[in-house]
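Visitor: Sequence and predicted model, in that order:
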Amino acid sequence: MGIKILTEFIDLPDLNRFEVYRKHGGYEAVEKVLKNDTPDHVLAEVKISNLRGRGGAGFPTGLKWSFIDKSTDKARYLICNADESEPGTFKDRYLMERNPHLLIEGMILASFALGVQQSFIYIRGELFYVLNILEKAISEAYAKGFLGKNILGSGFNLDLYCHPGAGAYICGEETALIESLEGKRGNPRMKPPFPAVSGLYGCPTVVNNVETLASVPWIVKNGGEAYSKIGIGRSTGTKLISACGHLKRPGVYEIELGLPVEEFIYGEEYCQGIRNGNKLKAVVAGGSSVPILPANLILKTAKGEPRLMSYESLQEGGFETGTMLGSGGFIVMDETTCIVKNLWNFTRFYHHESCGQCSPCREGTGWMEKILHRIESGQGKMSDIDLLADVAKNIEGNTICPLGDASAWPVRSTVRHFRTEFEKHLIEKRCPYIK
Ligand SMILES: Cc1cc2nc3c(=O)[nH]c(=O)nc-3n(C[C@H](O)[C@H](O)[C@H](O)COP(=O)(O)O)c2cc1C
Ligand code: SF4
């Protein structure tokens, strides 16, 4: 059994209640910090831990916090990104539903480190029942003196509000999220300026993922150095992986970074292999936005080394033969899957969710969807394969926000690794997977 930082007590009945969380060491990190430590000390521990953002990009959390502009007398804000709409990703929901106080404790510690007095959880609107759980936990934290004025007599004040979104994937992008929180349409902003300089209401703002913030109490309690020793290389700590698709045992797993992918897919402790004894065909390792890899390249790198669940190992080989850890949404497909249909499905999603500000994304996602529909339904031409790859190439890098890239990477990687499957559709003039 690997170390559990986020899920040690997750199966305890009523862990979402203050007393149960408290009985198992909850809020001890806040007590310790407010009695003995300075904000700079907390920031230093997070830096030493090498914790990286768990929302998708893997940006070092301590470094992000250190960008906060402390030279102005403007308010500073902390926003927890709980939008979690990336297809295949369902780990933040699990954490908030089962252990909401862990997130609240992480937000108190982060707010203390950043000099924040008002903080927000921006939660995906569809997760209405989780919103209720969070609001109840927040009320308990206020009642017990862990939120509000003069927390534990330390002079530190913090308010925490929940704000549900209205169900747009783009509102998970941090600047679209900020626009939405300000009451506007959730359109991403041009960067720079980055939120650390000009975020919510034009003030310095940090946006962090649920899992990132929930990792902070352990770091504060046990020290950044202890955290930095868990994991592998620059991929420190543990990561929640939401595994779905054709697995015997799908679910949310907390793994130590560095675990071999093969052990994760086939190991007794984890997913226990592919359903019905079928063969593994492909994996999308980090949510629908990252490049797809065929079975051979997800289990081993092109150099023949075992592929590990870490930022670096999954990226080994670049986009030619590698992928990304992303949000940890691990989508597994067996030999019965039509890869073209899967890509059509993903692309339909990106077309639907494009905010429409940039022409390459607004128009290109629609064109890719049309071409894929044509190929899947047996109406395509051989030249459609290169046309598809060409449209994707022209979206990549040419848009305001990364949703454009997120729509292009699955297309480019699927064409790269599964060209023969597109050709089969075009030669047979039908989907070979429809019996
Ligand atoms: C289209 C799009 C959707 C995103 N959705 C989410 C999301 O649901 N949750 C999340 O934490 N980050 C999401 N992100 C990443 C955020 O912009 C941001 O990088 C992240 O919240 C930062 O937190 P972290 O540093 O703790 O990872 C999304 C990015 C894009 C481009
Ligand atoms: S890339 Fe797409 S989603 Fe992002 S700003 Fe441009 S049009 Fe909107």
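Guide: Cool, got the structure. Ligands and ions are numbered 1, 2, ... in the order given.
Visitor: Tell me the strands beside the biggest strand by length in the chain, with direction?
Guide: As assigned by DSSP state E, the longest strand anywhere in the chain is strand 238-245. Using DSSP bridges, strand 238-245 pairs in its sheet with strand 251-256 (antiparallel), strand 329-334 (parallel).
Visitor: Need the residues that contact that strand.
Guide: Residues outside strand 238-245 that contact it (CB atoms under 8 Å, 6 or more residues apart in numbering) are 2-7, 54, 88-91, 94-95, 211, 215, 230-231, 250-257, 264, 270-271, 309, 325, 328-334. Quick note: C-beta positions are derived from backbone N, CA and C, even for glycine.
Visitor: restrict the residues you listed to those near ligand 1?
Guide: By CB under 6 Å from any ligand atom, the members of the contacts of strand 238-245 lying near ligand 1 are Arg54.
Visitor: Give the buried subset of the contacts of strand 238-245 as a ChimeraX selection command.
Guide: Typed into ChimeraX, the line below selects the buried ones among the contacts of strand 238-245, using 16 or more other CB atoms under 10 Å:
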select :5,6,7,54,88,89,90,91,94,95,211,215,230,231,250,252,253,254,255,256,257,264,270,271,309,325,328,329,330,331,332,333,334
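Visitor: For ligand 1, see how far away Asp14 is.
Guide: Separation of Asp14 from ligand 1 (CB to the nearest ligand atom, to the nearest Å) stands at 27 Å.
Visitor: Tell me who's in contact with the residue lying closest to that residue once chain neighbours are set aside.
Guide: Nearest residue to Asp14, sequence neighbours excluded (CB to CB, 6 or more residues apart in numbering): Val20, at 4.8 Å. Under the criterion of CB under 8 Å, 6+ apart, the neighbours of Val20 are Leu12, Pro13, Asp14.
Visitor: that older thread, distance between the longest strand of the chain and the chain's centre?
Guide: Chain-centre distance of strand 238-245: 10 Å, with CA atoms, centre = their mean, to the nearest Å.
Visitor: so what's Ile5 up against?
Guide: By CB under 8 Å, 6+ apart, the residues touching Ile5 are Ser215, Trp218, Tyr227, Ile230, Gly237, Thr238, Glu254.
Visitor: State the pLDDT value of it.
Guide: If you check Ile5, the pLDDT there is 96.
Visitor: did I read that right, it in a strand?
Guide: No: according to DSSP: H, G, I helix; E, B strand; the rest coil, Ile5 belongs to no strand; its state is coil.
Visitor: And it, how close does it get to Glu211?
Guide: Ile5 is 10 Å from Glu211, where distance means CB to CB, to the nearest Å.
Visitor: try Ile400
Guide: Ile400 is 26 Å from Glu211, where distance means CB to CB.
Visitor: One more: Arg98?
Guide: 13 Å.
Visitor: Likewise for Pro291?
Guide: Counting by CB to CB, the separation of Pro291 from Glu211 is 22 Å.
Visitor: quick one on the thing from earlier: quick one: the strands paired with strand 238-245 as CSV, columns for mean pLDDT too.
Guide: Below are the strands paired with strand 238-245 laid out as CSV (pLDDT from 0 to 100):
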stretch, mean pLDDT
strand 251-256, 98
strand 329-334, 98
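Visitor: would you turn those strands into JSON lines with distance to Tyr169?
Guide: Shown next, in JSON lines, are these (distance: least, CB to CB, whole Å):
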{"stretch": "strand 251-256", "distance to Tyr169": "20"}
{"stretch": "strand 329-334", "distance to Tyr169": "13"}
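Visitor: Residues contacting stretch 135-154, please?
Guide: 16-18, 22, 27, 30-31, 34-35, 100-101, 104-105, 108, 156-160, 162.
Visitor: tell me how far the ends of it are from each other?
Guide: 24 Å (CA to CA, to the nearest Å).
Visitor: tell me which residues in it are buried?
Guide: Ala137, Ile138, Glu140, Ala141, Phe146, Leu147, Ile151.
Visitor: and what of stretch 337-349?
Guide: Buried, per 16+ other CB under 10 Å, within stretch 337-349: Thr337, Cys338, Ile339, Val340, Lys341, Asn342, Leu343, Trp344, Phe346, Thr347, Arg348, Phe349.
Visitor: Can you give me every residue that contacts the closest residue to Leu280 other than its chain neighbours?
Guide: Distances taken as CB to CB, 6+ apart place Ala295 nearest to Leu280, at 4.3 Å, with adjacent residues excluded. Taking CB under 8 Å, 6+ apart, we find Ala295 in contact with Lys279, Leu280, Lys281, Ala282, Val283.
Visitor: quick one on the thing from earlier: out of the strands paired with strand 238-245, which gets nearest to Tyr201?
Guide: strand 329-334 (31.7 Å; CB to CB).
Visitor: Determine how far the closest one lies from the middle of the whole chain.
Guide: 16 Å.
Visitor: what's the answer for stretch 246-266, then?
Guide: Distance, centroid of stretch 246-266 to centroid of chain: 17 Å (CA atoms, centre = their mean).
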